[in-house]
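> for reference, the sequence and a predicted model appear below.
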Amino acid sequence: MQLRKDDFMKDHSTMTTFEFLCSIAWKCVIGFIWYKNLLFRVLPHRDVYDSLRILLIMMLVSVACFIVVMNRRKNGWTATACFVLPFGLYTILTYSTASALFIRVVGVVSILLSLVYSILLFKRKIKQKDKIARRKVLQIRLSRCMYSVSCIMAVAMLTLIVGIGWKGYFGMGLITSSVEAKGVHQDIKDEDTMEANMDAVLKLQPTVWDDLNTHERIDVLQTVCNIETHYLGLNDPVTVQGDNLSPYTLGAYSDAQKLIRINLDHIENDPVEDVLSTILHEIHHSYEYRLADVFDNISTEYRNLRLFKDVTYYSQEADNYINPREDYYKYMSQHLEIDSETYAELGVKEYYTRIEEWMEEKKTENVKI
């Protein structure tokens, strides 16, 4: 078989360089907006500005590499791969703990497919005997291999991004608990007491907590939420989810959804005592809203009772809640926040006191045995 020079120099591009760059640019703009709202997380030991800067650098490096390496294969596939790869790599860096198994599975499958394709491609016999011709064939195969592997990796990265972010897109939270959320009316008397869930409560010990993965930690937080729901007498179950919240926001409660969202960075990186304080703070908001409901529905002649002194503020503040972004000091001075913070502080002390007492009882029992 005789190869012509044109075969070696063939350009497989369906776009000019300008069209290629424009295609990448609009995909990156749309993709960045979507990613920033749903999946973006701050890198470990970095602030939000450093993290955004690193992501931007990764995007620029990807564009530069694809312009050089894929100069003769500028098409829709390579434009998509150029846009997806930096976002996928950033997702791996930031979700390596929260979605470790999923990332490993997708990574292994994509690497195996790339290896199999590369081996099959390069194992094909080269019919040309001339050294120059053989070298050119190898160059063509290398170019084809790089193109195909980049497409495989792009599909893998897109799978990671969609697989991790689809719940957030539908407002379901990025990580949900496998423990069922329960309200008092669904339960029988003391099933959700602290004593009945001591196995989960003991996982709040720092040495145990540090060995739990993100999913297991959220399960513990849902159990704590169920215990507090029982003690506070809340009829409606409150669901706990791990999610991406704005920087410096540890947790958020939505009364309309009966949902507590805890910042994933907070769950993964902060001391367990602080995370416990956050879940106790947020579930107390649900209790405050129920008191406000009672206040709004009772006869006006009873609203001046001493019993409802604090609830008066809850009712007013629930209707005119001040967001910390609007005015942080007014936000912190709201009775809803002050009372929830006090409840959380006392609750953390109670949990660890009960854990310590239970551990002492176990030691005593073991000594007697």
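Happy to help now that I have it.
> ok, residue 39 touching residue 88?
No. With contact defined as CB atoms under 8 Å, residue 39 and residue 88 do not form a contacting pair (10.5 Å). Any C-beta I mention is one placed from the backbone N, CA and C, and that applies to glycine too.
> common neighbours of these two, please.
The overlap between the contact sets of residue 39 and residue 88 (CB atoms under 8 Å, 6 or more residues apart in numbering) consists of residue 161.
> distance from the chain centre to the helix or strand harbouring residue 349, please.
Assigned by DSSP states H and E, residue 349 belongs to helix 335-368. Centre-to-centre, helix 335-368 and its host chain are 29 Å apart (CA atoms, centre = their mean, to the nearest Å).
> output the helix or strand harbouring residue 85 as CSV, nothing but the C-alphas.
Element membership of residue 85, judged by DSSP H and E, is helix 76-95. Written as CSV, here are the backbone C-alpha positions of helix 76-95 (Å, rounded to 0.1, in the frame of the first residue of the first chain):
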residue,chain,number,x,y,z
GLY,A,76,-17.7,19.8,18.1
TRP,A,77,-16.3,16.9,20.0
THR,A,78,-12.9,18.5,20.8
ALA,A,79,-14.6,21.8,21.7
THR,A,80,-16.8,19.9,24.2
ALA,A,81,-13.9,18.0,25.6
CYS,A,82,-11.9,21.2,26.0
PHE,A,83,-14.7,22.7,28.0
VAL,A,84,-15.7,19.7,30.0
LEU,A,85,-12.2,18.4,31.1
PRO,A,86,-11.2,21.3,33.4
PHE,A,87,-14.6,21.3,35.1
GLY,A,88,-14.4,17.5,35.5
LEU,A,89,-10.9,17.7,37.0
TYR,A,90,-12.0,20.5,39.4
THR,A,91,-15.0,18.3,40.4
ILE,A,92,-12.6,15.4,41.2
LEU,A,93,-10.5,17.7,43.4
THR,A,94,-13.4,19.1,45.4
TYR,A,95,-15.6,16.0,45.6
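> what is the rounded mean pLDDT of it?
If you average the pLDDT over helix 76-95, you get 92.
> show me what that helix is packed up against.
Using 3 or more CB pairs under 8 Å, 6 or more residues apart in numbering; DSSP states H and E, the elements in contact with helix 76-95 are helix 17-38, helix 48-69, helix 100-123, helix 131-169.
> just want the angle from the longest one to helix 76-95.
To tie it back to what came earlier, the one meant is helix 131-169. Calculated by axes from the mean of the first three to the mean of the last three CA atoms, to 10 degrees, helix 131-169 forms an angle of 60 degrees with helix 76-95.
> would you mark the buried spots in helix 131-169?
Neighbour-count burial for helix 131-169 flags 133, 136-137, 143, 145, 147-161, 164-165, 167-168 (criterion: 16 or more other CB atoms under 10 Å).
> could you give the mean pLDDT of that helix?
The pLDDT scores in helix 131-169 average 87.
> wait, what's in contact with residue 332?
Contacts for residue 332 (CB under 8 Å, 6+ apart) come out as 324, 338.
> tell me how far it lies from residue 322.
As for residue 332, its distance to residue 322 is 9 Å (criterion: CB to CB, to the nearest Å).
> repeat for residue 115
For residue 115, the distance to residue 322 - CB to CB - is 57 Å.
> and the helix holding residue 85 with helix 48-69, angle?
150 degrees.
> next one: helix 76-95 to chain centre, how far?
Remark: helix 76-95 is offset 17 Å from the chain centroid, using CA atoms, centre = their mean.
> and residue 82, how far is that from residue 60?
With the distance defined as CB to CB, residue 82 ends up 11 Å from residue 60.
> go on, residue 335?
According to CB to CB, residue 335 stands 49 Å off from residue 60.
> neighbour count for those two, which is higher?
Neighbour tally, residue 335 and residue 60, criterion other CB atoms under 10 Å: the higher count belongs to residue 335, 16 against 12.
> could you report the pLDDT at the more buried one?
With respect to pLDDT, residue 335 scores 91.
> excluding residues flanking it in the chain, which one is nearest it?
residue 313 (3.9 Å; CB to CB, 6 or more residues apart in numbering).
> the one you found: what's it in contact with?
Contacts of residue 313 by CB under 8 Å, 6+ apart are 334, 335, 336.
> let me know the closest of the residues you listed to residue 184.
When those are compared for distance to residue 184 (CB to CB), residue 336 wins out at 21.8 Å.
> which residues sit in contact with the closest one?
285, 288, 313, 314, 317, 318, 321.
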